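Visitor: got a predicted structure plus its sequence, pasted below:
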Amino acid sequence: KFYSMKKNDLSTFLNSLLSLFNDPCGLLLEISTGRYQNLTGIPGYDFAVRSIWPEIVDQIQSNFPHLFLVTDRTDFHERYMLCREFVKNFELRCGSQEFIKRLRTSAKTMSFNGSWPLSNYFKIIQKYYTNEFENSLQVSTSYKLVFEVIDSIYGENVFIGKLSHKFWDLTIRLLMRYVDFIFQQSLKEEKEKEKSGLEDTGMTTSLTTSTTSTKLNPKSTLHYKTLIQELSILSMNIQTRVIESHFTTVFININLNQELNSCLKSVYNSINQKQEQMIKTLENNLLDNVLQELSKTSKTLPRLYRNTNRDVPTNCTDFMSNSFVPIEQLYKQMDEVPHFNENVSQKESSIDCKLNTLSPIILSRIIHFIAESSCPKYTEIVVELLSQVKKIEDSMLKLQERRNRNKKGGQTTIKTDNHTTSQNTDHI
């Protein structure tokens, strides 16, 4: 019995089995093949396949059962790969391709291959790297995490060819898990915003669109932008980091385009759907901020127009410029996110954009949405503002008229139209 589990000892043991082709079976091989002293030999009979190989398999299975135990994932992988190399070397010693085919389809080969609990090995691999991935997600949301764990499972000390489809299925599930995690982070941010809105008394007016909306601070805007950008970069890198690096080497003899369409369609669909919802959330939050800035000072603005002796305005009031602060946050580069500012690696060189800013398509979409949605509201605010100013003017005129009733030839009026029109023009 062979009890050693060390890699060198196992390699020596397997190589010793190949020496059977020389001694003591070398003479029998020459006789059966007709190469010994012009003997006829036995046509169609392969001594190595029908005699040597069955004996080797029987001896290994009976005297070396612990060879197939899944004790440690790394140790099991080493033992399995050494045995696969041993089988390849044995095939090289067969007489012809016909004998090799017969060896691979023989009952003993099937029995030997079936002795390896590959399913148990894969369960251990899946559990280990899934847990490692989940732990990494507790520290960072970087898109690099999912690519790193995928690279790990396809490492030469982990991957097993006979489990190709299982490893690819795990790859898809890791990608889907990351996409869902990013989306859940955005929902978490939204829930925290709503919670803070319930606790904050805030400032609401008749012109606001929502009585429960709260101001989205710059950190929240950055967080949303980061999550959206993570999915964008993930989508752009799948081609180089997953398909070209692993898929084409694992699945060689298949229709690549057809297989990719069926395998990755769910991943790309999930990315698009989740990112679409996140962008809509960011749009609505930024719009709420813009509308709040436009609305929160609407009650105090009429005071500005009461000063009829001031110069004709030439600049916007503060409330108008403040309403565009959320938009400025949208265009701000994400310098606070380290992995967006690192040098682009060779595997990511195909990305033709800056990582620390949202793509021009997304930025343009959000800006158009805010512009289309806020302009009607601004018009409503202006109409309401002019109505309030008119009421103030009428009150002031009546008051002035009463004061001047007893003054001969003294009837004056207050002209504020020029000031009001100029100020609103500046705002527009």
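Guide: Structure's in. What do you need? Numbering: from 1, shown residues only.
Visitor: okay, CA-based contacts and neighbour counts for the rest of this
Guide: Fine.
Visitor: below-threshold pLDDT in the stretch 1-150 of the chain: ranges please.
Guide: 1-5, 22, 24-45, 95 (pLDDT under 70).
Visitor: just the helices in the stretch 51-200 of the chain please.
Guide: 53-63, 73-92, 97-104, 107-114, 118-137, 144-153, 164-199 (DSSP state H, counting those that start in this stretch).
Visitor: which helices and strands sit right next to the first one?
Guide: For helix 53-63, the elements it packs on are helix 107-114, judged by 3 or more CA pairs under 8 Å, 6 or more residues apart in numbering; DSSP states H and E.
Visitor: 6 Å instead, please
Guide: For helix 53-63, there is no helix or strand it packs on, judged by 3 or more CA pairs under 6 Å, 6 or more residues apart in numbering; DSSP states H and E.
Visitor: in contact with Leu17, which residues?
Guide: Contact analysis of Leu17 by CA atoms under 6 Å, 6 or more residues apart in numbering lists nothing.
Visitor: please, which helix or strand holds it?
Guide: helix 7-18 (DSSP states H and E).
Visitor: re earlier: mind putting the helices of the stretch 51-200 of the chain in TSV, mean neighbour count and distance to Leu234 included?
Guide: Shown next, in TSV, are the helices of the stretch 51-200 of the chain (neighbours: other CA atoms under 10 Å; distance: least, CA to CA, whole Å):
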stretch	mean neighbour count	distance to Leu234
helix 53-63	15	47
helix 73-92	16	29
helix 97-104	16	42
helix 107-114	14	38
helix 118-137	15	15
helix 144-153	18	8
helix 164-199	17	9
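Visitor: would a markdown table of those with distance to Glu384 be doable?
Guide: Written out in a markdown table, the entries for these read as follows (distance: least, CA to CA, whole Å):
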| stretch | distance to Glu384 |
| --- | --- |
| helix 53-63 | 90 |
| helix 73-92 | 72 |
| helix 97-104 | 86 |
| helix 107-114 | 81 |
| helix 118-137 | 50 |
| helix 144-153 | 51 |
| helix 164-199 | 27 |
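Visitor: the helix holding Leu17 to helix 53-63, inter-axis angle?
Guide: Here the directions of helix 7-18 and helix 53-63 differ by 140 degrees (axes from the mean of the first three to the mean of the last three CA atoms, to 10 degrees).
Visitor: now helix 7-18: how far from the chain's centre is it?
Guide: Helix 7-18 sits 45 Å away from the centroid of its parent chain (CA atoms, centre = their mean, to the nearest Å).
Visitor: would you state the strands of the stretch 201-350 of the chain in chain order?
Guide: With DSSP state E, counting those that start in this stretch, there are no strands along the stretch 201-350 of the chain.
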